[in-house]
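# here is my input, please return the structure:
(chains A, B and C)
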Amino acid sequence: MAYEAVIGLECHIQLATVSKMFCGCPAEFGARPNSNVCPVCLGLPGALPVTNREAIDAAIRLGLALGSTIRDVSVFARKHYFYPDMPKNYQITQYDRPLCEGGALPVRIGDATRSFALIRVHAEEDTGKSFHPERHGDRQVSRVDFNRAGVPLLELVTQPVFREPAECAAFLTALRRLVRWLGISEGDMEKGHLRCDANVSIRPAGTQALGTKSELKNLNSIKGVEKGITAEIARQERVLASGGTIEQATLLYDADHDKLAVMRSKEHAHDYRYFPEPDLPQLAVDAAWLAAARERLAELPWTRAERFAAEYGLPAYDAGVLCDQRELADYFEEVVKEADPKKVSNWIMTEMLRHLKATQRGVSDWARNVPPHHFAFIIRSVETAQATATSAKSVLDEVFANGGDPASIYAERGIRARSSSDELLPLVRAAIEENPGPVAQYLGGKTATLGFLVGQVMKKSGGQAVPQTVKDLLEAELARRAAAR
Amino acid sequence: MSGADVWRLSATALAARVRAGDLAVADAVESGWRGPAAAWEADVHAVAHTDPGARAAASSAAARDRRTAPLAGVPVLVKDNLCTTDYPTTCGSRILAGYRPPYDATVIGRLRDHGAVVIGKGNMDEFAMGSSTEFSAYGPTRNPYDLGRVPGGSSGGPAAAVAYGLCPVGLGSDTGGSVRQPAAFCGVFGLKPTYGRLSRYGLVAFGSSLDQVGIFARHAGDVAATYAALAGPDPHDATTRQTPAPDVSRWDRGVAGLTFGWPANLWREGVEPDVVEGLEIAAVALERAGARRVAFDFMPGEYAVATYYLVATAEASSNLARFDGVRYGFRHDDAPDVRALYTRTRSAGFGPEVQRRILLGTYALSAGYYDAYYLTAQRARTRIRREYEAAFARCDCMLMPASPTLPFRLGEKTDDPLAMYLSDIFTIGANLAGIPGLTVPVGLTGANGRPPLPRAVQVLGPEDAEPVLLAAGRALEVGGDTIRLGAAHDTEFAWPTKR
Amino acid sequence: MSIDREDVKRIAELARLEIPEDRIERTARELSAVLDYAAALRRLDLEGCEPTVFAGLGAAGPAPLRADALDDVRRLTPETALAAAPEHEDDAFLVPPVVENLNP
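Predicted structure coming up:
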């Protein structure tokens, strides 16, 4: 029998706020254990939470971007379970009245855009960290660090709208792009800024009733999400194929060994005893706050990509790449004020992104050394035949590495495009004299050797010769020599 | 007054002497210890923790920085569920044995800012769960008026200390009557403010939506002075009201023209005659001072008790989840894994009454029972709030018993949880509705073959009616000349007699 | 009786309390007495009564919020944070091993 999978995702987005969700401790990472703590996030007796406005603002902006309904009154709730990394043994989260409901995330898959519907987005606090048991004298102990306890999280829950693991991966990629675009999270799954659990069930293809679902945890990379869900679908298919039934269970995915382990089954299901958090009166979001959040939201990546395509005549793919990061799109729009959009787009996608990838640096690092005005100058210098692409690129390399004004570098080095035959012919002739072997090969019919000879001339010109002219001159000169033989 | 009698002074009189330079802060702070404590404390056991060194250090700091403050040099015993850096904070529980918080509660900070000196921690029922201060892991507190009887609870320690003269002011907490009922049993004033007027930051939570820090004093003026020092918004407590606290500076303005509700249906049965007599005395005194009585029937207290024991226990089961032996307090030393750590630590660390309430609250919140118990109780709470709103549309304040009984004997109710819960029947409503209540002593009963016992009434008002309650309290305090009140003018008080 | 032996065991487990076998019956009776008393609420007309969560909600208004700023006054050093811990070492709280992986 053919099955189809029904998958829903539950994502946790760690917010990049200065302070924690309910207290003024730093929300940063890598500090000395138990140094970013106070009575509130350590759950000391008597301490009380006060909500971080910026975390709520981030949730509102994400909700607005997704087209969710933002409740004017939402309520925090306590979710109870005992665990050593939970300071209060309850988590402050939202339950029956979350901040954002509904909405959808548009995701580009291949040439189409799919919209994946959401159930809710709400704000909550993170837990601390407990570490795997280790030997301690004659017994085992676990260490606990509460630096992460109370760091703000948004929980985003999708409808069970996914059918393929690859869709889930594309969704997470788009979500990561969006949270970075909004500036609310670093969105790095490997670092735990973005975490994902998946609810997976299968049913005979073509049927409507939902099968029993399992909950998949520990999916800590986008690749891992795709592989983990694939493994779980395969497991469920094997169970059904062998005549078994799916038990409701929670499973852990081990990415290193591509294996699933059952964490707990339904008999151990929790009774979280949610009730409204009495320490926090209702959270009110009025029209003025919504308007200010909308103002801060600016243009969304997918809207901006459409505009780039329409306004600048870019292919959808290029527009998508440029709108992958907000800083990049902003940078592009600065450079196009002074240069041709298609050319700018090409330079960004080939030169700039290549450099950034090779050096592991970001758009802001680039913009610091190559302000838009300087980048535009370099691109324009090629268009106006002031410089060859080769010399322009070498100047760009240098400006990215060390900064500086490209115009003065051009002037200092006397960079210009050389295309007169008077100037270039002696170099062409010298190259032919110095490379009898390749010349013989060319004349013997191996025309591909021409590229080598062009390169030799370019080198002699210090990169300033216009390649097409060199090529023309070489061909003519070689033809003359062939004829003279 | 001789130096030896400083302990008899009201807080305001004592602070005035300190400000005038007639009394050293250290002498003011130690007056109760040098005076009545020597005779009383060993028998009454009002104090759970104190430390002469900590008192001396706090006195020096107050003398240096706050000698001109409104409460300069005023010694205050605070309930052991308010976090203090200079004394342990144990909530009368084994699970917090030896625990010393790294921070001061907001109200403690404000006491210090106003020149007062915390002289120690008052004994209490474990985690404020009780009405007799018998459920303390550190032993019971006794009523100074009759050592065979309870001081009320859960804030029995500070109430008894203020009554016998250790200090003029005490702080307690009131979740269902834990300030007003012991105030009545010990014959002192006891104010539960409007919910959100005194910060809860640093008050170890019992029922978060019901808890308020409360004030004990022998005189209405001292309650007003302490309230003025402590009340107001706190950025660390999101449930504090954001508006400025009501002005209580005219606490002695009188009650002429005020109306007080008289819901006599509530004490037609089940209330001791001495208590009813106290109500009559108070009503007459208020009328003589120019107030008008408005009689009406009011919702019976049973509904409030039922509502309370679902809401308070639900919140308590959650608030007490954090006591697990990981970060502070007691840890059971035989725990092979973390689950055993939790279960053994909590079972050995909490007393039976606390465990009973945690179980009840857990049940009320658990899957399948939430709607029937917790949600129903929260809806009933709305109904009760409306009953009070309707009553206060007809009067400025309402008279009620603070307790259906006079102080009862030690052990009388410890084996019957429900009977103990019913001793809060007249106080719980104010917590559910978030309104203020003030216990006002109306002297001592006749002897009737036992020592005379304190008797009191409770004055309830709508939100932010603290000025009205204090005016009524003051009127009853000075009205005693003509109507057989034991407690009278500023420095006079119906002191207990040591037997 | 509202609560039976099984209920007591179930909620004791949820609350991480251990009720000795010889006290279960009595506990069930005590809890039932309170719950039976609470059944009085069923006689109350609750038509139109939304649940009250926060006392004084009407006048107190919505929750005040906090600016996203550091509060170094309340922050604790690791030494202070760990001072009251029953067991700690190298800046960390120590607990017996977590044998069941029940972290949701």
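# which strand is the longest one in chain C?
In chain C, taking DSSP state E as the definition, the longest strand is strand C:92-95.
# okay, which residue is most central for the chain?
Answering for chain A, as no chain was given. Residue closest to the average C-alpha location in chain A (Cα atoms, centre = their mean): A:Arg177, at 4.4 Å.
# that's the wrong chain, I wanted chain B
Chain B, centroid-nearest residue using Cα atoms, centre = their mean: B:Val179 at 1.9 Å.
# and it, what does it touch?
Shown in contact with B:Val179 (Cβ atoms under 8 Å, 6 or more residues apart in numbering or on different chains): B:Ser155, B:Ala159, B:Gly172, B:Ser173, B:Gly190, B:Leu191, B:Lys192, B:Gly214, B:Ile215, B:Phe216, B:Thr439. Placement of C-beta: from N, CA and C, glycine included.
# check what pLDDT it gets.
You'll see B:Val179 listed with a pLDDT of 98.
# which of the three states applies to the nearest residue to it once chain neighbours are set aside?
Excluding its sequence neighbours, the residue lying closest to B:Val179 (Cβ to Cβ, 6 or more residues apart in numbering or on different chains) is B:Gly214, at 3.1 Å. The assignment at B:Gly214 comes out as strand when based on DSSP: H, G, I helix; E, B strand; the rest coil.
# can I assume B:Gly214 is in contact with B:Thr194?
No. Between B:Gly214 and B:Thr194 there is no contact under Cβ atoms under 8 Å: 11.4 Å.
# in terms of neighbours, single out the busier of these two.
Neighbour count, other Cβ atoms under 10 Å in any protein chain shown: between B:Gly214 and B:Thr194, B:Gly214 has more, with 32 against 28.
# how close does that one get to A:Asp96?
As judged by Cβ to Cβ, to the nearest Å, B:Gly214 and A:Asp96 stand 33 Å apart.
# repeat that for A:Tyr410.
A:Tyr410 is 66 Å from A:Asp96, by Cβ to Cβ.
# neighbour count winner among those two?
Using other Cβ under 10 Å as the criterion, A:Tyr410 and A:Asp96 rank with A:Tyr410 on top: 19 against 9.
# so who does the more buried one touch?
Neighbouring residues of A:Tyr410 by Cβ under 8 Å, 6+ apart: A:Ser381, A:Gln386, A:Ala387, A:Val395, A:Arg416.
# would you write a ChimeraX line that selects the buried entries of those residues?
Buried members of those, defined by 16 or more other Cβ atoms under 10 Å in any protein chain shown, are picked up in ChimeraX with:
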select /A:381,386,387,395
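# next, give me the two most distant ones among the contacts of A:Tyr410.
Greatest spatial distance among the contacts of A:Tyr410 (Cβ to Cβ): A:Val395 and A:Arg416, at 12.1 Å.
# hey, what's in contact with both of the two?
A:Ala387, A:Tyr410.
# shaky segments in chain B?
Low-confidence regions of chain B, defined by pLDDT under 70, span residues B:1-3, B:479-492.
# name the next helix or strand downstream of the lengthiest helix in it, please.
Ordering each helix of chain B by length in residues (DSSP state H) puts helix B:301-319 first. Next helix or strand after helix B:301-319 toward the C-terminus (DSSP states H and E): helix B:338-349.
# quick one: that following helix near chain A?
Yes. Contact between helix B:338-349 and chain A, assessed by Cβ under 8 Å from any Cβ of the partner chain, occurs at B:Val338, B:Arg339, B:Tyr342.
# looking at the contacts of A:Tyr410, spot the one nearest chain B.
A:Val395 (55.5 Å; Cβ to the nearest Cβ).
# now do the SS call for that closest one.
With three-state DSSP as the basis, A:Val395 sits in helix.
# strands of the stretch 151-300 of chain A, start to end?
With DSSP state E, counting those that start in this stretch, the ranges of strands along the stretch 151-300 of chain A come out as A:152-158, A:194-204, A:214-219, A:249-254, A:259-265, A:275-276, A:283-284.
# try chain C
For chain C, the strands defined by DSSP E cover C:88-89, C:92-95.
# mean neighbour count and mean pLDDT for those - can I get that in TSV?
Supplementary listing: these in TSV, determined by neighbours: other Cβ atoms under 10 Å in any protein chain shown; pLDDT from 0 to 100:
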stretch	mean neighbour count	mean pLDDT
strand C:88-89	16	95
strand C:92-95	24	96
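# tell me, how many residues neighbour the residue of the stretch 301-450 of chain B found nearest chain C?
When scored by Cβ to the nearest Cβ, the stretch 301-450 of chain B has B:Gly434 as its residue closest to chain C, at 3.0 Å. Per other Cβ under 10 Å, the neighbour tally for B:Gly434 reads 28.
# got JSON lines for the residues of helix B:338-349 next to chain A, with neighbour count and distance to chain C too?
Shown next, in JSON lines, are those (neighbours: other Cβ atoms under 10 Å in any protein chain shown; distance: Cβ to the nearest Cβ, whole Å):
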{"residue": "B:Val338", "neighbour count": "26", "distance to chain C": "5"}
{"residue": "B:Arg339", "neighbour count": "17", "distance to chain C": "7"}
{"residue": "B:Tyr342", "neighbour count": "27", "distance to chain C": "4"}
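# turn these into a markdown table, columns for distance to A:Phe29.
Rendered in a markdown table, the data for the residues of helix B:338-349 next to chain A read as follows (distance: Cβ to Cβ, whole Å):
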| residue | distance to A:Phe29 |
| --- | --- |
| B:Val338 | 25 |
| B:Arg339 | 30 |
| B:Tyr342 | 29 |
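# quick one: low-confidence parts of chain C?
Across chain C, the ranges flagged by pLDDT under 70 are C:1, C:54-60, C:99-104.
# if we go to 90?
Within chain C, the segments meeting pLDDT under 90 span C:1-2, C:39-40, C:42-43, C:50-63, C:98-104.
# tell me the centre residue of it?
Centroid-nearest residue in chain C, with Cα atoms, centre = their mean: C:Ala15, separated by 7.8 Å.
# check contacts around that one.
Taking Cβ under 8 Å, 6+ apart, one finds B:Ser317, B:Ala321, B:Arg346, B:Ile358, B:Leu359, B:Thr362 in contact with C:Ala15.
# and those, which two are the farthest apart?
B:Ala321 and B:Leu359 (12.8 Å).
# and the host helix or strand of A:Glu327, what does it pack against?
For A:Glu327, the enclosing helix or strand under DSSP H and E is helix A:326-335. Packed against helix A:326-335 by the contact rule (3 or more Cβ pairs under 8 Å, 6 or more residues apart in numbering or on different chains; DSSP states H and E) you find helix A:301-312, helix A:316-322, helix A:341-347, helix A:363-369, helix A:372-383.
# now the ones you listed as JSON lines including mean pLDDT?
Below are the helices and strands packed on helix A:326-335 laid out as JSON lines (pLDDT from 0 to 100):
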{"stretch": "helix A:301-312", "mean pLDDT": "94"}
{"stretch": "helix A:316-322", "mean pLDDT": "91"}
{"stretch": "helix A:341-347", "mean pLDDT": "95"}
{"stretch": "helix A:363-369", "mean pLDDT": "94"}
{"stretch": "helix A:372-383", "mean pLDDT": "91"}
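# redo those helices as a markdown table? Include distance to B:Ile95.
Formatted as a markdown table, the helices and strands packed on helix A:326-335 follow (distance: least, Cβ to Cβ, whole Å):
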| stretch | distance to B:Ile95 |
| --- | --- |
| helix A:301-312 | 52 |
| helix A:316-322 | 58 |
| helix A:341-347 | 66 |
| helix A:363-369 | 52 |
| helix A:372-383 | 63 |
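# can you lay out those helices as a markdown table showing distance to chain B?
Output for these, formatted as a markdown table (distance: least, Cβ to the nearest Cβ, whole Å):
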| stretch | distance to chain B |
| --- | --- |
| helix A:301-312 | 35 |
| helix A:316-322 | 43 |
| helix A:341-347 | 50 |
| helix A:363-369 | 35 |
| helix A:372-383 | 43 |
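# quick one, which of those is nearest to B:Arg327?
Across the helices and strands packed on helix A:326-335, B:Arg327 has its closest neighbour in helix A:363-369 (40.3 Å, Cβ to Cβ).
# quick one, domains of chain A?
A:3-288, A:299-413, A:421-484 (automatic domain parsing).
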